[in-house]
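Undergrad: this one's structure only:
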Ligand SMILES: Nc1ncnc2c1ncn2[C@@H]1O[C@H](COP(=O)(O)OP(=O)(O)OP(=O)(O)O)[C@@H](O)[C@H]1O
């Protein structure tokens, strides 16, 4: 569980995050949504320590990240897995070597154990036979699955995913969503997904935080969205005429 308390972030005079308090639950896919420029990336960067908050606290299972010294922060970062918008794989390394990379860097395992662990992770994302391939030989969806395998190699407690479905077709996006969702539950990970993908919101939105102009405008689960009276949220979610019509049809049917 990650608890955010009164988090504020300004760049000079520009106030980007305004007093955000929330909880990201463990064993759930926590989604951060909001329009472009609302502050989602800045929020995640503050959580993982890539940016320093102007004020506020971030507690990782009760451990205050802001009060930690450098060494403690480094130790905590080893409990975090990250999946970037582009899969961010090393092109010159095989898939197996890519997944082994965090193990090579941060584990005490011997070579045999590292290979075994990487193979187990590849198996978990249904890429058992892709270990000897290079990233360039894989589809975008497969590359994302390699990135997920690499992110879970060190058994993270916390998993951060920045737009995991960008550049993927809807069907492949569904596969990635399902994978992130099942891994989250299987290993009780606190997963935080920064997304614009409305299919993800409706499909795996177990705890959704809607950021509007830097503040937390709404928090809830996907099932609450359809009937929500929050105008900013519904304007954002049902931005297209088609989606608005679909929502009205559902609401009228329920009445
Ligand atoms: N290092 C920085 N210095 C100054 N302003 C910044 C910096 N990083 C981000 N911002 C500003 O903070 C605001 C929020 O940016 P952020 O990247 O968090 O938006 P976002 O919600 O993630 O958008 P998108 O969905 O397009 O990725 C923007 O106005 C951006 O210009």
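TA: Structure's in. What do you need? This one's a predicted model, so the numbers in the text were calculated from it and none came from an experiment.
Undergrad: Which residues are in contact with residue 20?
TA: Residues in contact with residue 20 (CB atoms under 8 Å, 6 or more residues apart in numbering) are 4, 6-8, 43, 56, 211, 214-216. Every residue, glycine included, has its C-beta placed from N, CA and C.
Undergrad: want to try TSV for those residues, with pLDDT, neighbour count and distance to residue 37 as columns?
TA: Formatted as TSV, the contacts of residue 20 follow (pLDDT from 0 to 100; neighbours: other CB atoms under 10 Å; distance: CB to CB, whole Å):
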residue	pLDDT	neighbour count	distance to residue 37
4	98	21	20
6	97	12	22
7	97	23	18
8	97	17	17
43	95	26	12
56	97	17	20
211	96	24	10
214	96	22	9
215	96	16	13
216	97	21	16
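Undergrad: Residue 238: which of the residues you listed is nearest?
TA: Checking the contacts of residue 20 against residue 238 with CB to CB, the nearest one is residue 211 at 17.5 Å.
Undergrad: Apart from its chain neighbours, what residue comes closest to that closest one?
TA: Using CB to CB, 6 or more residues apart in numbering and skipping the chain neighbours, the partner closest in space to residue 211 is residue 34 (3.6 Å).
Undergrad: Could you do residue 55 as well?
TA: residue 8 (4.7 Å).
Undergrad: Now the residue of the stretch 151-255 of the chain found nearest the ligand, what are its backbone angles?
TA: Nearest to the ligand in the stretch 151-255 of the chain, going by CB to the nearest ligand atom, is residue 196, at a distance of 6.2 Å. Backbone geometry at residue 196, expressed as degrees, to the nearest 10, gives phi -110, psi 0.
Undergrad: what's near enough to touch it?
TA: Residue 196 touches 33, 36, 163, 166, counting by CB under 8 Å, 6+ apart.
Undergrad: Show me what the first one bridges to in the sheet.
TA: On the basis of DSSP bridges, residue 33 takes part in beta bridges with residue 210.
Undergrad: what does the average pLDDT come to for the helix ranked longest in the chain?
TA: Longest among the helix segments of the chain by residue count, using DSSP state H, is helix 170-186. Averaging pLDDT along helix 170-186 yields 92.
Undergrad: the helices in the stretch 51-200 of the chain, which residues?
TA: Secondary structure of the stretch 51-200 of the chain by DSSP state H, counting those that start in this stretch: the helices cover 70-77, 95-106, 111-124, 140-152, 170-186, 198-204.
Undergrad: In CSV, list those along with mean neighbour count and distance to residue 159.
TA: Listed next are the helices of the stretch 51-200 of the chain as CSV, based on neighbours: other CB atoms under 10 Å; distance: least, CB to CB, whole Å:
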stretch, mean neighbour count, distance to residue 159
helix 70-77, 12, 13
helix 95-106, 20, 13
helix 111-124, 17, 13
helix 140-152, 24, 6
helix 170-186, 17, 7
helix 198-204, 19, 13
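Undergrad: what's around the nearest residue to residue 207 once chain neighbours are set aside, how many residues?
TA: Once flanking residues are discounted, residue 207 sits nearest to residue 30: 4.5 Å by CB to CB, 6+ apart. Residue 30 has 24 neighbours, counted by other CB atoms under 10 Å.
Undergrad: residue contacts, residue 30?
TA: Going by CB under 8 Å, 6+ apart, residue 30 touches 24, 190-193, 206-209.
Undergrad: Can you list which of the contacts of residue 20 are found in strands?
TA: Among these, the ones falling in strands (DSSP state E) are 4, 6-8, 56, 211, 215-216.
Undergrad: Correct me if wrong: residue 221 contacts residue 208.
TA: Yes: assessed by CB atoms under 8 Å, residue 221 is found in contact with residue 208 at 6.6 Å.
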